[in-house]
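S.K.: no sequence for this one, just the structure:
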C-alpha cells in the first residue's frame with residue numbers, strides 16, 4: 001500500500017508524512033529503505049527514542065498535541081512541529097530553538113472539526129498572535145503554513161467543507177502576514193481515510209499512518 005500512496009502523493013506534488021506512532025523501528029526502517037524520509041510522531045519520548053535509533057537524514061515531524069515542557073527534548077533535531085496551537089507554545093519553541101542555535105519549522109494548528117476534543121486555534125486568536133509577534137521570532141522560528149484535522153465522519157460534504165475552510169484560513173493569513181514569504185506554503189490536512197479529498201481541496205502535505213502501516217490496536 002505504501003508504494004501506491006507514495007506514487008499518488010508524488011503525482012499530485014504533495015508531501016507524504018508517514019505516521020509511525022506506536023510502530024517499531026524495524027517497520028520504519030523498511031519504509032526508509034523504500035525511499036520514505038518524512039515520519040510523523042505524536043509522542044515526544046517515542047520520537048526521541050526513534051531519532052536515536054534510525055538514520056539521521058530522516059525528517060521528524062511532531063504531529064500530536066505538544067506540551068510546552070517537552071519542547072526542549074525535540075528542539076535539537078525536529079524538522080517540523082505541526083501542532084502549534086497557542087502563543088505560549090510558540091514562545092517556548094522560539095526560546096528552545098534559540099538555545100540550540102537552530103530554526104524550527106512550525107505549522108499553526110486550527111480547529112476546523114465539529115468535535116470538541118480537537119485542539120487548535122481560531123482565526124481571531126491567530127491574528128491577535130501575529131499582530132503582536134516579536135520580530136526576533138524570525139531568527140529561530142519559520143512559519144511554514146497551517147494544519148487541521150477534519151471531523152471523524154463518513155459524510156464527505158462535511159469533510160470537504162472543513163478542508164475548504166482551512167484553505168481559506170491559510171490564504172487569509174498568507175495574504176495578510178506572509179505574502180512575501182515563500183516558506184509559508186504548507187497546508188497539512190488529510191489522513192488515511194480522507195487524504196484524497198484533502199488533496200482535491202488543496203492539501204500540500206498529508207499525514208498517513210494506518211493505510212501504510214496497518215491498523216493500530
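M.R.: Received the coordinates, thanks. No experiment lies behind these values; they were computed from the predicted model shown. Numbers count the residues shown, from 1 in each chain.
S.K.: Tell me which stretches of the chain form strands.
M.R.: With DSSP state E as the criterion, the chain has strands at 15-19, 38-41, 59-62, 80-84, 104-110, 141-148, 186-188, 205-208.
S.K.: closest to residue 195 out of those strands?
M.R.: The closest of the strands of the chain to residue 195 is strand 205-208. By C-beta to C-beta, the value is 4.3 Å. The C-beta positions use only the backbone N, C-alpha and C, and glycine is treated the same way.
S.K.: what's the offset of the closest one from the middle of its chain?
M.R.: In terms of C-alpha atoms, centre = their mean, to the nearest Å, the centre of strand 205-208 is set 8 Å apart from its chain centre.
S.K.: Stretch 155-173 too?
M.R.: 16 Å.
S.K.: can you pull the contacts of residue 120?
M.R.: The neighbours of residue 120, taking C-beta atoms under 8 Å, 6 or more residues apart in numbering as the test, are 85, 109, 110, 111, 112, 148, 149.
S.K.: Any chance of the backbone angles for it?
M.R.: Residue 120 adopts backbone torsions of phi 150, psi 160, taken as degrees, to the nearest 10.
S.K.: Identify the residue spatially nearest to it, adjacent ones excluded.
M.R.: Closest residue in space to residue 120, ignoring its immediate chain neighbours: residue 111 at 3.2 Å, by C-beta to C-beta, 6 or more residues apart in numbering.
S.K.: Now for the one you found, how many residues are close by?
M.R.: Look at residue 111: counted by other C-beta atoms under 10 Å, it has 19 neighbours.
S.K.: who touches it in this structure?
M.R.: Residue 111 neighbours (C-beta under 8 Å, 6+ apart): 118, 119, 120, 121, 122, 148.
S.K.: Please identify which of those residues is nearest to residue 197.
M.R.: Distances from residue 197 to these, taken by C-beta to C-beta, are shortest for residue 148, at 13.0 Å.
S.K.: That closest one bridge partners, please.
M.R.: Legend: beta-bridge partners of residue 148 under DSSP bridges are residue 110.
S.K.: circling back: which of the contacts of residue 120 has the largest number of neighbours?
M.R.: Neighbour count (other C-beta under 10 Å) singles out residue 148 as the most crowded of those, with 28 neighbours.
S.K.: Now do the contacts for that one.
M.R.: If a contact means C-beta under 8 Å, 6+ apart, then residue 148 has 109, 110, 111, 112, 113, 120, 162, 163, 166, 169, 188, 189 as its contacts.
S.K.: Against residue 207, how distant is residue 216?
M.R.: Going from residue 216 to residue 207 by C-beta to C-beta, to the nearest Å gives 14 Å.
S.K.: if I averaged out where everything in this protein sits, which residue would be nearest that spot?
M.R.: Nearest to the geometric centre of the chain sits residue 82, at 3.0 Å (C-alpha atoms, centre = their mean).
S.K.: who's in contact with that residue?
M.R.: Neighbour list for residue 82: 40, 61, 62, 63, 106, 107, 109, 147, 188, 207 [criterion: C-beta under 8 Å, 6+ apart].
S.K.: Turn those into JSON lines, columns for distance to residue 48.
M.R.: Shown next, in JSON lines, are these (distance: C-beta to C-beta, whole Å):
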{"residue": "40", "distance to residue 48": "14"}
{"residue": "61", "distance to residue 48": "14"}
{"residue": "62", "distance to residue 48": "10"}
{"residue": "63", "distance to residue 48": "15"}
{"residue": "106", "distance to residue 48": "18"}
{"residue": "107", "distance to residue 48": "20"}
{"residue": "109", "distance to residue 48": "21"}
{"residue": "147", "distance to residue 48": "21"}
{"residue": "188", "distance to residue 48": "22"}
{"residue": "207", "distance to residue 48": "19"}
